[in-house]
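Enquirer: Give me a model of this one.
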Amino acid sequence: MVVEGIGDHGCEYMTGGRVVILGDTGRNFGAGMSGGIAYVWDTRHAFAQRCNPEMIDLDPLDENDLAELHVLLEQHERLTGSTVARFILDDFENQAHHFVKVFPKDYKKALLVKNVGALNVFTG
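Expert: Below you'll find the model as predicted:
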């Protein structure tokens, strides 16, 4: 899902999926968020002050995140004609630096345990 702004308590109690926010956010973002990933376009570098850091980390995007974000933006622009998405896509290399990955701490731990477990199966 891609939205071009969200009010207070955005992604509250989110348990899965992906969300892209291409605009302002209200306060208390991510309160109770236990799963899924949100990508927030934070051109003003003010997003961290609007979050509830108790359950989430704010991380940079890796290559996989950037690829997924690009696909989601293309789909949003195609389906809605969004000029914001088009602007970001046309300047993606520069605009990508303005995105923050909202990653729930519990979800991150679960993925780490899963990956370590899989590694142990192969290394014995």
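Enquirer: Could you use CA atoms for every contact and neighbour count after this?
Expert: Fine.
Enquirer: hmm, who's touching stretch 65-81?
Expert: Residues from elsewhere that reach stretch 65-81, judged by Cα atoms under 8 Å, 6 or more residues apart in numbering: 1, 2, 20, 39, 82, 83, 85, 86, 89, 96.
Enquirer: at 10 Å instead, please
Expert: 1-3, 18-20, 22, 37-39, 60-61, 63-64, 82-89, 92-93, 96-97, 99, 101 (Cα atoms under 10 Å, 6 or more residues apart in numbering).
Enquirer: Pull out the buried positions in stretch 77-91.
Expert: Across stretch 77-91, burial judged by 16 or more other Cα atoms under 10 Å covers 77, 85, 86, 88, 89.
Enquirer: how far is it from where the chain is centred?
Expert: On the basis of Cα atoms, centre = their mean, to the nearest Å, stretch 77-91 is displaced by 17 Å from the centre of the chain it belongs to.
Enquirer: likewise stretch 35-46?
Expert: The gap between where stretch 35-46 is centred and where its chain is centred comes out at 6 Å by Cα atoms, centre = their mean.
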